[in-house]
Every structure is written in C-alpha cells, then in structure tokens.
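> need a structure here:
(chains A and B)
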Amino acid sequence: MRIGFIGVGRMGQGMSARLLSGGHDLLVYNRTPGKTADLEKAGAKVAPTIADVCRDRELVISMVADDAALMDVTLAPDGVRDSLPKDAVYAAMGTHSATAIQTIAAALAKKGLTFVAAPVLGRPDAAAAGQIVIVSGGPADALKRCEPAFNTLGRKTMEASGAPEAAIAIKLANNFVLGCAVETMAEAFALVRKYGVNPQVFYDVMTEGLFAAPAYKVYGKLIVDASYDKPGFTVKLGLKDIKLALAAAELVGVPLPSGSVVRDRLIGAIAHGDGDKDWAVLGREQARASGLE
Amino acid sequence: MGRGMAQRILSGGHELRIHDVVRAAGEGLVSAGAQFADTVADACSGRDVVVTMLVEDAQVLDVAQRAGGLCDSLPKGAIHLAMGTYGVAAIRALGEAHAKAGQILVAAPVLGRPDLAASGQLGIVSGGPADAVARVAPLLDLMGRKTFHAGDMPESATAIKLANNMVLGCAMIAMAESFSLVRKFGVAPQLFYDVMTEGLFSSTAYKGYGKTMVDQTYDNVGSPITVGLKDANLIAAAADLGRVPMPMHNIYRDRLLGAVAHGDGDRDQAVLAREQARACGLDS
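Predicted coordinates for the structure are as follows:
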C-alpha cells in the first residue's frame, strides 16, 4: 500500500518499521525532524511537510501524542484536511479524546474525506514486533481498505462497527479497567500488609485464581517488588488517559465513580513527586494513605 | 459448601462426625459413612479437629462460645479449623476464646464455589501456628487443590480472603462502568468483552462475570448481591480495624446497596452492571 505516516515517536517508530518490512511504500513525517533518521536508513522516504506526506497516498496514518498535536497536523493550513487525496483514508491511531475525534470526523466529512479512528493496545515493544491490537471505528468500506496496513501492524484488528469515536470509547474503557485494577490491587495490598501478610503470598493467591491475567500479574509484581523506577506507562500518562475516559463519560452521561477515585490517587502520586514513575506506584500512594510509608 | 467438603474428608478415609441444625442436610453424608452428632458437644467430644463452615460471624461465635459449644467441648490441644468467610474481629475473638480453653484456632477460608468444594478443587488460605497448620494439612489437601499459608495469625488468612473478594468486587464495578461507557458510544457490549478478555484481562474473573453482564443472565445466581454485601461489610470492617482507607472498595459497597434498593438483592452480583446502567439512564 502507498502509506503516509505522521508522528514517529516511540510507538510510531516501531509501527513505521513494521510497515516498511511488510513491503509497503512508506513516506514518514515528524514535526521534530531528527526522529526520522533511523527509518530513513531502513529505507523510508522522509517527507518535509504534511502536504508531501499525504501526496498520492492510499492511506495516511497519524500517531501523535495528544489532542493538540492531532488537531494541529489535521486541521492547520496545509494539514491533512487540506492535503489528503480524495480517494485516500485518514486513520488516527493515537489515543485521543472522543471530542477531538468527533471534531475531526465532522471536519473531514465536510470536505468529503474518509476518516477512521484506530487506537492501539500495546506498548512500543509490541508495536515494533507487530503484536499490537488495533481497535478500529469508521465506515465499513474504509476499514476494509485499511486492512493490508493493519494486518502488518498488529496481531489482531477488532472493529467497533460504528462511528470513529466508538473505537476510542473501547480503548479508553480498556485503559480505565486497567487503572481500576491497579488502584484496587494497591488497596488490597495495603490491607493485607496491615494484617502481617507478606505481599507475595497475597499476590500468589490472587494471580493463581480469578486474576490469572497479565494486568494483575505484571502490575501486581511491580507493587510487590515496589519496582516503580523503570516506567512502562507513567503516572502522568495514566492521568491523561483516565481524564480522557472521564471526559468521554461526561459527554454521554455516564458516571464513572471508580474513575474518579483512580484520578484522585494519580493526582496524589504526582503531588508526592511520583509523576514520572510507573503508574503501579499507586501501590505506594495507597500505602502512604494508610500510614505504611 | 460444607456438604462437598465433608464428602471429600470422608473419601480420605477419616472418621467423620457431622452436625447441622437441619438434620436432613446430613442424610447423604450419613449414608456415605459419616456419623450424625445430635449436638455440637457430641460433634466435638474426643475429636482432634473440628471444622466449621458457617455463613456468618454471629453463627460461628455462637457455636464456639455458647454453653456446650466448641470451647466447652473440644479436648485440650484440639484444633478448630474455621473455614467460613468471617470478619477479622470475629476471628480474633475466636482465637482468644480458644486459647483460654487450651485449644488452637486455625482459620482457613476457601476460594471457590460449591462445585469446586465437591471436587476437592478449592483454593485454601491458612492462618495459624505452623505446627497446627501442619496437623490439618492432610484435611486441607483433600478439600483443596492448593493451600496458601498466610502466617501465624489466623486473621492474616482472613485478610487475604477478604482482599481477594474485594479485588473481584472492584473488577465487576470497573466492568460495569466500562460496559455503560461503550454502550453510550454505540458499541455492542460483546465487542468490548472481546477486546478486554483477549488482552490484559484474560482471566476467569473478567471472562465469567463479563459474560454474565453481556448476556444479562442475572437470574442464574452464583453469588448473590446480598452475600456480596455481607462480605463487603467484612472488608470495610477489616479496613477500619487496620486503618486502611479503601476508596475503590467504598464504591463497590455503595453499588451493592443500590442494587439491593432496586430489588436486585437476590440476583447474581454481575447485576452491578444493571445498577450502573440505571445510574447512566440506560434502560437495563
């Protein structure tokens, strides 16, 4: 496929490299030019502007850090809206707010352009290995046209069958469930510690039975070992995603009481200087609240 | 639960005496070779170990402390193996009462439902002096597939059991909130279920209760809301005693109360999804 890729940060690097090795014709663009060097060595062509990265493409992907960046690359003059070929698809693959996705969908629809949201589940190592899961939302024929690229990028694509923001809702809900699991474990570990239990024993009980899943095994272990300094996903990023979930929920009238608790604990962790630690540090934040540290 | 567990003990060749306030409940076990004791005192006399599997704190405290109860009737040095899910305060009170009477308390709450009890596949968490736990190990091995030793204090086992229940309750709440969120964005609940259980949450808790929420089969009751509320109150009490603020747990407890208030008290705990849907203005 002829693909344009905007945003080669940690996730975008791995995804672009996958597309290249999958034999696609790839143009890459990054607002900070230095980040494209490795990809260029691997055979990618670097486009100097967004207009260039869109030219003659069948698919343009953006993988940018936040809503502001997405709005900028998409809606600024000579951005994707002004540059996307009529018969191409634009896929936003970052984790964005439901509102931003709705805004962009409306703006592109006005110009007769085709837009899908396709947020991904998985970390940079999974992206580089083509092991991410893609949740896609948008017109069925547009999703079909993205398939060759998505099949190269991920191990599985799950179609939200609906508006682009439906895919966003799924992605945010899944991250929200993870935040709740981490905070729940934090509370449970504090409880058993106060009764003289070695946290490892509670970890064993929990992960042997009902909770034998990566979420509990990985984050439970980080809490047991108090190993917060090699962040896979930081408190600050966790707060960003939980706030996106709360905003999406407010938009459609869904109270998320558990989300509010997780948000408050994350803010507390930042206040105590743990903002750049892995968000498993909620274990410590809860221990503090219990007078344990 | 008690019936399946007693059956497992019998199958191990142990001499078993049983007691229940409802005599008929023991009939199957008697025909399998157990003796029925008419009173708690009879069930205790001359025993090495007495197992209790009762529903709540009040019952276990009564059966232990009343005249002719466990403390009066168990031989010195014998073990009370308390396997129900009881509160921390009750377990502490029991421990003290048995110590005074020269007996030993081992708490060994179980993880699992009646079908697992009948097949000897329970998870068991033991708490108590190591030598006493070693003495009951042959019984625990018959009843469970695995025993986790929590520590020398009986209430350490209670804390683990309650914490595990709390993690389950919060998982259900998180799912309930999430299903409502995605539904409002036009997503079929089954699809969110597939995304969630395919990745980070590929475990029994999410697969079992998540499926019940997707299918809304709340009348097929594994553990009802009222039992969840009982346990949630035990967790809140343990947190209070231990001085541990548990904000997520408070939300779980409040939603259980709401479900009872809306007439869903006897439905499966997965009905928390309907409770959350109500809070969002969704019909069911």
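> mind checking pLDDT for B:S223?
Reading off the confidence values, B:S223 has pLDDT 89.
> what is the neighbour count of it?
Using other C-beta atoms under 10 Å in any protein chain shown as the criterion, B:S223 is surrounded by 15 other residues. The way it works is simple: take the backbone N, C-alpha and C, and place the C-beta from them, glycine included.
> again with the one 10 residues further on
Burial of B:N233, expressed as a neighbour count using other C-beta under 10 Å, amounts to 14.
> over to B:D42?
Around B:D42 sit 16 other residues, with neighbours defined as other C-beta under 10 Å.
> and it, how far is that from chain A?
According to C-beta to the nearest C-beta, to the nearest Å, B:D42 and chain A sit 35 Å apart.
> which stretches of the chain form strands?
Picking chain A for this. Read by DSSP state E, chain A holds these strands, from start to end of the chain: A:2-6, A:25-29, A:45-46, A:59-62, A:89-92, A:114-117, A:120-121, A:132-136, A:154-159.
> ah, I was thinking of chain B
With strands called from DSSP E, chain B shows them at B:17-18, B:35-36, B:49-52, B:79-82, B:104-107, B:110-111, B:122-127, B:144-151.
> okay if I get those as JSON lines plus mean pLDDT, distance to B:V214 and mean neighbour count?
Supplementary listing: those in JSON lines, determined by pLDDT from 0 to 100; distance: least, C-beta to C-beta, whole Å; neighbours: other C-beta atoms under 10 Å in any protein chain shown:
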{"stretch": "strand B:17-18", "mean pLDDT": "97", "distance to B:V214": "41", "mean neighbour count": "18"}
{"stretch": "strand B:35-36", "mean pLDDT": "96", "distance to B:V214": "45", "mean neighbour count": "15"}
{"stretch": "strand B:49-52", "mean pLDDT": "98", "distance to B:V214": "38", "mean neighbour count": "21"}
{"stretch": "strand B:79-82", "mean pLDDT": "98", "distance to B:V214": "37", "mean neighbour count": "26"}
{"stretch": "strand B:104-107", "mean pLDDT": "98", "distance to B:V214": "36", "mean neighbour count": "26"}
{"stretch": "strand B:110-111", "mean pLDDT": "95", "distance to B:V214": "24", "mean neighbour count": "22"}
{"stretch": "strand B:122-127", "mean pLDDT": "97", "distance to B:V214": "26", "mean neighbour count": "26"}
{"stretch": "strand B:144-151", "mean pLDDT": "96", "distance to B:V214": "29", "mean neighbour count": "21"}
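> nearest residue to the residue nearest to the spatial centre of chain B other than its sequence neighbours?
For chain B, the residue lying nearest the average C-alpha position, counting by C-alpha atoms, centre = their mean, turns out to be B:T85 (4.3 Å). In space, B:T85 comes closest to B:P109 once its chain neighbours are excluded; the distance is 5.1 Å by C-beta to C-beta, 6 or more residues apart in numbering or on different chains.
> so that neighbour makes contact with B:L122?
No: with contact taken as C-beta atoms under 8 Å, B:P109 and B:L122 are classed as non-touching, separated by 9.8 Å.
> CA atoms only for stretch B:201-211, dumped as PDB, please.
Extracted in PDB, the C-alpha atoms of stretch B:201-211 (Å, rounded to 0.1, in the frame of the first residue of the first chain):
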ATOM      1  CA  PHE B 201      -7.800  -9.300  31.400                       C
ATOM      2  CA  SER B 202      -7.800 -12.800  30.100                       C
ATOM      3  CA  SER B 203      -8.800 -14.400  33.400                       C
ATOM      4  CA  THR B 204     -11.800 -16.100  35.000                       C
ATOM      5  CA  ALA B 205     -13.000 -13.100  36.900                       C
ATOM      6  CA  TYR B 206     -13.400 -11.000  33.700                       C
ATOM      7  CA  LYS B 207     -14.500 -13.800  31.400                       C
ATOM      8  CA  GLY B 208     -17.100 -15.200  33.800                       C
ATOM      9  CA  TYR B 209     -18.700 -12.100  35.200                       C
ATOM     10  CA  GLY B 210     -18.100 -10.100  32.000                       C
ATOM     11  CA  LYS B 211     -20.100 -12.700  30.000                       C
END
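> re the thing from before, need the strands of chain B in JSON lines (columns: distance to chain A).
JSON lines is the format used below for the strands of chain B (distance: least, C-beta to the nearest C-beta, whole Å):
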{"stretch": "strand B:17-18", "distance to chain A": "28"}
{"stretch": "strand B:35-36", "distance to chain A": "34"}
{"stretch": "strand B:49-52", "distance to chain A": "20"}
{"stretch": "strand B:79-82", "distance to chain A": "16"}
{"stretch": "strand B:104-107", "distance to chain A": "11"}
{"stretch": "strand B:110-111", "distance to chain A": "6"}
{"stretch": "strand B:122-127", "distance to chain A": "5"}
{"stretch": "strand B:144-151", "distance to chain A": "5"}
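> columns distance to A:D274 on top of the ones you listed, output as TSV?
Output for those, formatted as TSV (distance: least, C-beta to C-beta, whole Å):
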stretch	distance to A:D274
strand B:17-18	54
strand B:35-36	60
strand B:49-52	45
strand B:79-82	40
strand B:104-107	36
strand B:110-111	33
strand B:122-127	31
strand B:144-151	29
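> looking at the ones you listed, which is nearest to A:K194?
Comparison of the strands of chain B against A:K194 by C-beta to C-beta identifies strand B:144-151 as nearest, at 12.3 Å.
> other SSEs contacting that closest one?
With contacts taken as 3 or more C-beta pairs under 8 Å, 6 or more residues apart in numbering or on different chains; DSSP states H and E, strand B:144-151 sits against helix A:199-208, strand B:122-127, helix B:130-143, helix B:154-184.
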